[in-house]
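Participant: Here is a sequence with its predicted model. Questions after.
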Amino acid sequence: MEDEISPESRDLGRALCIITGASKGFGRTLAFQLSCLLKPRSVLMLVARTTEQLNQVKEDIITLYGGQNQLEVRCVQADLEKKDGVEKMVQAAKETSVSDMDHLLLINNAGALDFVIALQKKASLGDVSRFALTFTDPAEVNRYLSLNVSGALSLTAGVLQAFPRRLGLRRSVVNISSLCALKPFPSWVLYCTGKAARDMMFRVLAAEEPDVRVLSYAPGPLDTDMQLQARRSSGDLQLRRSFCSMFSEGQLISCEESGAKLIKLLLDDDFLSGAHLDFYEL
């Protein structure tokens, strides 16, 4: 298959690779796929809100890859909605020691519908069962955006400041985006707004920091807990039916297949910095 990772001897360098939202779903899959493409003595930093799931991912990666390439895997439990969570993550990155590091890779995957699922019992934050005219509480909207937009910007800025431009250091930032950044989905007002804001935020970053390789990658409709929640809770009936049809007809994409396309983009490194690229365009 053309979207499989090529067996040729390409890698992502001796890197500090940071993945947010790494405890499950797409982030977890990327952690495994990237692990075997980092040079010896690289550091893979996994970030999420839940410690137990993170530690399990770490143990599984070390079992599979850690010994053969001397990969150091670190877990950081942090709530990126909050200032202290962002500061904790940035400080953990600063404390890493990667000798002769030639690549800093930050993958902003946290947030999105994972946050909806975590708080669905409260039926408040990022509720895809509701329509735009029901969001009359600014605090509710701000809380969603603080994770998905403010947190991503603050974390990215902090990490790039901690590892400034220098000769021989490649710096890459990936924003896990969505078709929702470009197209309105009824009853998904917060999600679409957050994704659109993030895309523009990273386009601005690419314009301001020409040495930083910036990519917004839309992984397609993944077969994850997020999709399950979308099928169950989307307030727009037509949208819910569309998701259910995709599931029943086997049209959802596996995390592994989509992750392979993202990694090929990173290995080829010939995309326009700041671009929004979709799984179906590759």
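Facilitator: Nice, thanks for sending it over. No experiment lies behind these values; they were computed from the predicted model shown.

Participant: gap between the strand or helix carrying Ser172 and the chain center?
Facilitator: Using DSSP states H and E, Ser172 sits in strand 170-176. In terms of Cα atoms, centre = their mean, to the nearest Å, the centre of strand 170-176 is found 10 Å from the chain centre.

Participant: I'd like the secondary structure assignment at Cys192, please.
Facilitator: With DSSP: H, G, I helix; E, B strand; the rest coil as the basis, the three-state label of Cys192 is helix.

Participant: is it true that it touches Ala181?
Facilitator: Yes. Using Cβ atoms under 8 Å, Cys192 is in contact with Ala181, at 7.3 Å. Yep, even glycine has a C-beta here, placed from its N, CA and C like the rest.

Participant: Can you get me a residue count around Ala207?
Facilitator: Neighbourhood size, Ala207 [other Cβ atoms under 10 Å]: 11.

Participant: Check the spacing between it and Leu147 real quick.
Facilitator: Per Cβ to Cβ, to the nearest Å, Ala207 is found 24 Å from Leu147.

Participant: Which stretches in the stretch 151-282 of the chain count as strands?
Facilitator: Secondary structure of the stretch 151-282 of the chain (DSSP state E, counting those that start in this stretch): strands located at 170-176, 212-218, 275-278.

Participant: Give the closest residue to Arg198 in space, chain neighbours not counted.
Facilitator: Asn175 (5.5 Å; Cβ to Cβ, 6 or more residues apart in numbering).

Participant: so what's the one you found up against?
Facilitator: Neighbouring residues of Asn175 by Cβ atoms under 8 Å, 6 or more residues apart in numbering: 108, 152, 198-199, 201-202, 214-217.

Participant: For Cys36, see how far away it is.
Facilitator: With Cβ to Cβ as the criterion, Asn175 and Cys36 are 23 Å apart.

Participant: for the spatially closest residue to Ser258 that is not a sequence neighbour, phi and psi?
Facilitator: Distances taken as Cβ to Cβ, 6+ apart put Pro219 closest to Ser258, at 4.1 Å, once the chain neighbours are dropped. Here the main-chain torsion angles of Pro219 (degrees, to the nearest 10) amount to phi -80, psi 0.

Participant: Pretty sure Pro219 sits against Phe279.
Facilitator: Yes. If you go by Cβ under 8 Å, Pro219 and Phe279 touch, sitting 5.5 Å apart.

Participant: what sits in contact with each of these two?
Facilitator: Here Pro219 and Phe279 have 253, 258 as joint contacts, going by Cβ under 8 Å, 6+ apart.

Participant: In space, what's closest to Val174 - neighbours in sequence excluded?
Facilitator: Leaving aside its chain neighbours, Val174 sits nearest to Ile107 (4.5 Å; criterion: Cβ to Cβ, 6+ apart).

Participant: ok, the one you found - contacts?
Facilitator: If you count contacts by Cβ under 8 Å, 6+ apart, Ile107 has them with 17-20, 27, 30, 174, 176.

Participant: can you rerun that using 10 Å?
Facilitator: Neighbour list for Ile107: 17-22, 26-27, 30-31, 34, 47, 172-176, 215, 217, 262, 266 [criterion: Cβ atoms under 10 Å, 6 or more residues apart in numbering].

Participant: buried subset of the residues you listed?
Facilitator: Applying 16 or more other Cβ atoms under 10 Å to the contacts of Ile107, the neighbour count classes 17-22, 26-27, 30-31, 34, 47, 172-176, 215, 217, 262, 266 as buried.

Participant: okay, now Glu209: neighbour count?
Facilitator: Other residues near Glu209 come to 16 when the count uses other Cβ under 10 Å.

Participant: Hmm, it is touching Arg171, no?
Facilitator: Yes. Applying Cβ atoms under 10 Å, one finds Glu209 in contact with Arg171, separated by 8.1 Å.

Participant: so what sits against both of those two?
Facilitator: Between them, Glu209 and Arg171 share these contacting residues under Cβ under 10 Å, 6+ apart: 160, 165.
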